[in-house]
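> Sequence and predicted structure are below.
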Amino acid sequence: MKNRFDNHYTLQLNSFLNSFIVRWSEPRWATLFSIIAYSLFTFFRGNPWKLSANPYFNYLADAFTHGQIFLRLIPPSLHDLSFFNGHYYLYWPPFPAIFLIPFVALFGVHVSDVFITIIIGGINVGLVAAILKAGDQASLFHLSILRRSLLVIFFSFGTVQLTLAPRGNVWSTAQQIGFMLVALTYLVAIKYKGWYSFFLAGVLMACALATRNHLIFAGLWPAWYLIRKHWSSGFRKMLGYGLWGLIPIAISGILLVYYNVARFGNPLEFGITFHNMASIFRADFTKFGAFSLHYVPINLYYQYISYPFLQNSSLFFQGGSLFLLSPIFFAVFSTIWLYRKDISIWILIITIILVNIPILLLMGTGWVQFGPRYSLDFTVPLLIITAMGIQGWNRNLLKACLLISIIHYMAGFLILRIYFN
């Protein structure tokens, strides 16, 4: 009798767990679950409604609402702000501040950037679920609902998303907004047809360009996919569709140039020349500038080779191997081999490489971080390739790699919070 009783509740528990896991494949549930989870994570040395130490986009949003392009109010921390002609500026592109204007207008400059970033992070998880669902329907890959759910959970807790979404601050907020714009672009390209699909994708890429400039390269695959989908429409229609997509991007680029000229008198100066950088970067910046081939070896090492748990404490927060920390991404190599004759795969790979080139040339590895936080910028195309690769994986192997990924990033998150709140 006791064994029958235990078996009954074991079956009920397994049924509940399976039902919970499968719900992650639905965008609305994935969004809700991840927002709750990320909010709970912030209670480790904080809470979801606090202000981060560097909520600079809040201050720039306040400046914009008062008709200024330099900070009207000076934040407590000046780290990484640009000082020029007696005023403080942000060297980061301005779209995240524009996005935050309604929140700052309603709640003031001290509205919680942490909570806003958590909400965006949750939306991003929902968008990943939506892209995987749309990709399956469009026959980009064929995954069971369970495998789609596991991949969404993997993104939520087994990648740099876990260390960025619950954190707030100017760096995390920019990356979360950038990811959201790129993910929406891919979703539009996969799901919709007609001139408005080009236009929506163009508007989203224009905003991504004004969030993190190199994200414009993430638009290569959606552009190719839309063109392929509409190829039979004829030359004149295709030309019109292309203009619908390109005009918003061109407008964004022109406005960014004007923004730089208005601030620094130079169309190519975003303010990085004048920013209050950490002292450890000063010597390299003076000698090599912000972008240089000199930085490529160290960036390659900390993004793709380093295993932080074998590093000493001074190097732990430089980054970590994309594949060792998130082994599900090893499925990429399966995809490349199995689909080596499919041009779509090579467009996805080229997209990832193009986004990654400025990252590899950039001064600094993304410190302070756990894992390669800049990899979030190309995670959307990376997840599509991964989804194609895990189609043939043994389910137990997939679950084991998921568990390893989650353990890595939960440990990394906790250690990061212990040292840096």
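Here it is on my side, so go on.
> from the middle of its chain, how far away would the longest helix along the chain be?
The residue-count maximum for a helix in the chain (DSSP state H) belongs to helix 235-264. Offset of helix 235-264 from its chain centre (C-alpha atoms, centre = their mean, to the nearest Å): 23 Å.
> tell me the pLDDT at the closest residue to residue 204 other than its chain neighbours?
Spatial nearest neighbour of residue 204, excluding adjacent residues (C-beta to C-beta, 6 or more residues apart in numbering): residue 185 at 4.4 Å. For glycine as for every other residue, the C-beta is placed from the backbone atoms N, C-alpha and C. With respect to pLDDT, residue 185 has a value of 98.
> Extract the C-alpha trace of the host helix or strand of residue 185 and format it as CSV.
Per DSSP states H and E: residue 185 is located in helix 169-191. Provided in CSV are the C-alpha atoms of helix 169-191 (Å, rounded to 0.1, in the frame of the first residue of the first chain):
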residue,chain,number,x,y,z
ASN,A,169,22.9,49.4,-15.0
VAL,A,170,23.7,51.1,-18.3
TRP,A,171,25.5,48.1,-19.7
SER,A,172,22.9,45.4,-19.0
THR,A,173,20.0,47.7,-19.9
ALA,A,174,21.6,48.5,-23.3
GLN,A,175,22.2,44.8,-24.1
GLN,A,176,18.7,43.7,-23.0
ILE,A,177,17.1,46.4,-25.2
GLY,A,178,19.4,45.5,-28.0
PHE,A,179,18.5,41.8,-27.8
MET,A,180,14.8,42.6,-27.7
LEU,A,181,15.1,44.7,-30.9
VAL,A,182,17.1,42.0,-32.7
ALA,A,183,14.8,39.2,-31.5
LEU,A,184,11.7,41.2,-32.8
THR,A,185,13.4,41.7,-36.1
TYR,A,186,14.0,37.9,-36.5
LEU,A,187,10.4,37.2,-35.4
VAL,A,188,9.0,39.7,-38.0
ALA,A,189,11.2,38.2,-40.7
ILE,A,190,10.1,34.6,-40.0
LYS,A,191,6.4,35.2,-39.4
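> how many neighbours does the residue nearest to residue 204 have?
Neighbours of residue 185 under the rule other C-beta atoms under 10 Å: 26.
> Could you check how many residues crowd around residue 129?
Neighbours of residue 129 (other C-beta under 10 Å): 27.
> picking up where we left off before, name the surrounding residues that touch the helix or strand just after the longest helix of the chain.
Sequence order places helix 279-288 as the next helix or strand after helix 235-264, per DSSP H and E. Contact with helix 279-288 is made by 277, 294, 295, 363, 364, as judged by C-beta atoms under 8 Å, 6 or more residues apart in numbering.
> so which of those is the most crowded?
The contacts of helix 279-288, ranked by neighbours (other C-beta under 10 Å): first place residue 295, 20 neighbours.
> just checking, that one touches residue 359?
No. Contact criterion C-beta atoms under 8 Å: residue 295 and residue 359 do not qualify, at 9.7 Å.
> residues of the longest helix of the chain that come out buried?
238, 241-242, 244-245, 248-249, 252, 256, 259-260, 263-264 (16 or more other C-beta atoms under 10 Å).
> Then stretch 335-352?
For stretch 335-352, burial by neighbour count (16+ other C-beta under 10 Å) applies to 335, 336, 339, 344, 345, 347, 348, 349, 351, 352.
> cool, stretch 402-418 as well?
Neighbour-count burial for stretch 402-418 flags 402, 404, 405, 406, 408, 409, 412, 413, 415, 416, 417 (criterion: 16+ other C-beta under 10 Å).
> Tell me if I am right that residue 139 is in a helix.
No. Counting by DSSP: H, G, I helix; E, B strand; the rest coil, residue 139 falls outside a helix, being coil.
> can you give me the strands for the stretch 1-150 of the chain?
Secondary structure of the stretch 1-150 of the chain (DSSP state E, counting those that start in this stretch): strands located at 82-84, 87-89.
> Would you mind finding the most buried of these?
Across those, averaging neighbours per residue (mean count of other C-beta atoms under 10 Å) puts strand 87-89 on top, at a mean of 20.
> who are the neighbours of that one, in terms of helices and strands?
With contacts taken as 3 or more C-beta pairs under 8 Å, 6 or more residues apart in numbering; DSSP states H and E, strand 87-89 sits against strand 82-84.
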